[in-house]
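**Q** A predicted structure for the sequence below; I have some questions about it.
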Amino acid sequence: MNIAMKLNFRLQNALSPSPSLPIILIHGLFGNLDNLGVLARDLHQDHDVIQVDLRDHGLSPRSPTVNYPCMAQDVLELMDNLKIEKAIIIGHSMGGKVAMAMTPIAPERIEKLVAIDIAPISYQVRRHETIFAALNAVSAAGLTQRQEAAQLMREFIKEDGVIQFLLKSFHNGEWRFNVSALWDQYENIVGWQPVPPWSHPILFIRGELSPYIQDSYRDEIARQFPQARAHVVAGTGHWVHAEKPDSVLRAIHRFID
């Protein structure tokens, strides 16, 4: 039984007097509702935009259970609470998997779906071991200042951009994501249970230099999402929307408008 949790969210009403369908933006692992803000600031010209904190992230409730059916149900409950009958769902990384996991639960409530640099597959590579080690080291050291935390994290993580991203969720010596639950449930997060074919439009946006969407996944994507389209953003990695937001937004607008 999947028990939904009431998610923290931010709603930006459309500037247009006759808005199109609402858009829900879903962040990835270790993120929060601010992560897709560059997209929200553009999209709310014509759409009500809802940014969410997933369970165990940001200011949303904590749970020992982290899996895609539960997280998908959380977002659907938010739609119910906001009286949103149908929406466009956009998710990055883990958030893209949450969006795709909504399709078997409420297939007619999603008009279109955008999955940013993630595929509906079970990943075999554990890419976050050093991140968990860094997070736990900061907590064990009892640090409260971001500058001190960053210095310690550099012993584990070489990419300063990753460190700065993680520190956006560091407040008064506490991480605003549930490190222990995410570690315990990590196999669920990198894993995936294939969903029945969903015959609505879905756009996969891929960073050219990212390993998360590969040509070898094409058949598996087509089985689950027969109307899938793909767009590759040149010269970008996993954080494609942060590296080239204009290119990502152009692709999204072509798809949803």
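**A** Structure received.
**Q** quick one, helices of the chain?
**A** With DSSP state H applied, the chain shows helices at 37-43, 68-81, 94-101, 129-141, 146-153, 160-167, 179-184, 186-190, 218-224, 240-243, 245-256, listed in chain order.
**Q** could you list the buried residues of the shortest one?
**A** Read it as helix 240-243. Across helix 240-243, burial judged by 16 or more other Cβ atoms under 10 Å covers 240-243. Yep, even glycine has a C-beta here, placed from its N, CA and C like the rest.
**Q** closest to residue 145 among the residues you listed?
**A** Within these, distances to residue 145 taken as Cβ to Cβ reach their minimum at residue 242, with 24.7 Å.
**Q** need the contact list for the closest one.
**A** residue 38 (Cβ atoms under 8 Å, 6 or more residues apart in numbering).
**Q** same check on residue 126?
**A** Neighbours of residue 126 in contact, by Cβ under 8 Å, 6+ apart: 186, 190.
**Q** can you start the count at 35 instead of 1 from here on
**A** I'll keep to 35 as the first residue from here, and by that count the last item is residue 160.
**Q** and it, what pLDDT?
**A** pLDDT for residue 160: 85.
**Q** tell me the centre residue of this structure?
**A** residue 129 (2.4 Å; Cα atoms, centre = their mean).
**Q** which stretches of the stretch 35-184 of the chain have low pLDDT?
**A** 35-36 (pLDDT under 70).
**Q** what sits against the residue nearest to the centre of the chain?
**A** Residue 129 neighbours (Cβ under 8 Å, 6+ apart): 59-62, 65, 70, 88, 150, 152.
**Q** closest to residue 122 out of the buried residues of helix 274-277?
**A** residue 275 (15.4 Å).
**Q** quick check: closest non-adjacent residue to that closest one.
**A** Spatial nearest neighbour of residue 275, chain neighbours left out: residue 282 (4.6 Å); criterion: Cβ to Cβ, 6 or more residues apart in numbering.
**Q** surely that neighbour touches residue 237?
**A** No - contact criterion Cβ atoms under 8 Å: residue 282 and residue 237 do not qualify, at 10.4 Å.
**Q** higher neighbour count, those two?
**A** Taking neighbours as other Cβ atoms under 10 Å, residue 282 and residue 237 compare with residue 282 leading, 27 against 21.
**Q** how far away is that one from residue 123?
**A** 15 Å (Cβ to Cβ, to the nearest Å).
**Q** residue contacts, residue 187?
**A** Per Cβ under 8 Å, 6+ apart, neighbours of residue 187: 168, 171-172, 197, 200-201.
**Q** same thing but 6 Å
**A** 168, 197 (Cβ atoms under 6 Å, 6 or more residues apart in numbering).
**Q** ok, residue 88 next?
**A** residue 105.
**Q** again with residue 243
**A** residue 271 are the contacts of residue 243 under Cβ under 6 Å, 6+ apart.
**Q** against residue 277, how distant is it?
**A** Counting by Cβ to Cβ - residue 243 and residue 277 are separated by 9 Å.
**Q** can you add distance to residue 38 and pLDDT and give the buried residues of helix 274-277 back as JSON lines?
**A** Listed next are the buried residues of helix 274-277 as JSON lines, based on distance: Cβ to Cβ, whole Å; pLDDT from 0 to 100:
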{"residue": "274", "distance to residue 38": "30", "pLDDT": "97"}
{"residue": "275", "distance to residue 38": "27", "pLDDT": "96"}
{"residue": "276", "distance to residue 38": "29", "pLDDT": "94"}
{"residue": "277", "distance to residue 38": "33", "pLDDT": "96"}
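**Q** need these in TSV with distance to residue 145, can you?
**A** Output for the buried residues of helix 274-277, formatted as TSV (distance: Cβ to Cβ, whole Å):
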residue	distance to residue 145
274	23
275	20
276	25
277	27
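**Q** any idea which of these is the one closest to residue 190?
**A** So of the buried residues of helix 274-277, ranked by how close each gets to residue 190 (Cβ to Cβ), first place is residue 276, at 21.5 Å.
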